[in-house]
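Novice: Could you look at this predicted model? Sequence included:
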Amino acid sequence: MRRLAHVAVLAWLAMMACAALAFDNGQYDNVPPEIRAWFKSVIAPNGVPCCDISDGHRTSYDVRGGAYWVPIEGEWMMVPERAVIRDRGNPVGEAVVWYVHHRGSIIISCFVPADAV
């Protein structure tokens, strides 16, 4: 029960951080409407929106011991299974990771591998 409460708090924090940080000041003007719509529609397995195009970061990735790893700000981090999205497709052809900073830590809220179907 305690773990479930912890996950709920992390999901809420990620959602609030995205709501507070998501903005589009024209940096994505060249993105086709269908790609923009995909970024806006991606939802984590726990039902929390992954945010907006300004929060998704195209990334390289590695698979180690069955887990995805991504480089974030120069450090390789393991993607928690709760953040992996396999059923939304991936029209950009590159992996995308959504993350937020919280109390000195990086929380990965969503990850779509390059070959998601």
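Specialist: Yep, it's here.
Novice: What score does Ala20 have for pLDDT?
Specialist: What the model reports for Ala20 is a pLDDT of 40.
Novice: no wait, Ile43
Specialist: Per-residue pLDDT puts Ile43 at 89.
Novice: So what does it have for phi and psi?
Specialist: The phi and psi torsions at Ile43 (degrees, to the nearest 10) take the values phi -130, psi 140.
Novice: pull the helix or strand with minimum mean pLDDT from this structure.
Specialist: Considering only helices and strands, the least confidently modelled element of the chain by mean pLDDT, DSSP states H and E is helix 2-21, at a mean of 44.
Novice: you'd agree Glu73 is up against Ile106?
Specialist: Yes: distance between Glu73 and Ile106: 7.2 Å, which falls inside the contact criterion (CB atoms under 8 Å). In this view, the C-beta of every residue, glycine as well, is placed from N, C-alpha and C.
Novice: Just want to know which of the two has more residues nearby.
Specialist: Taking neighbours as other CB atoms under 10 Å, Glu73 and Ile106 compare with Ile106 leading, 13 against 9.
Novice: Can you give the distance of stretch 43-51 from its chain's centre?
Specialist: From the chain centre to the centre of stretch 43-51 is a distance of 9 Å (CA atoms, centre = their mean, to the nearest Å).
Novice: Could you export that stretch as CSV, keeping only the C-alpha atoms?
Specialist: The C-alpha trace of stretch 43-51 is given here as CSV (Å, rounded to 0.1, in the frame of the first residue of the first chain):
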residue,chain,number,x,y,z
ILE,A,43,-0.2,8.7,-21.9
ALA,A,44,1.8,6.7,-19.4
PRO,A,45,0.6,3.2,-18.4
ASN,A,46,-0.7,4.6,-15.1
GLY,A,47,-3.0,7.0,-17.0
VAL,A,48,-1.0,10.2,-16.5
PRO,A,49,-0.4,12.4,-19.6
CYS,A,50,3.3,12.5,-20.6
CYS,A,51,2.9,16.3,-21.1
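Novice: Tell me the spatial nearest neighbour of Arg86, not counting adjacent residues.
Specialist: Setting aside the residues directly before and after it, Arg86 is nearest to Ala116 in space (CB to CB, 6 or more residues apart in numbering), at 5.5 Å.
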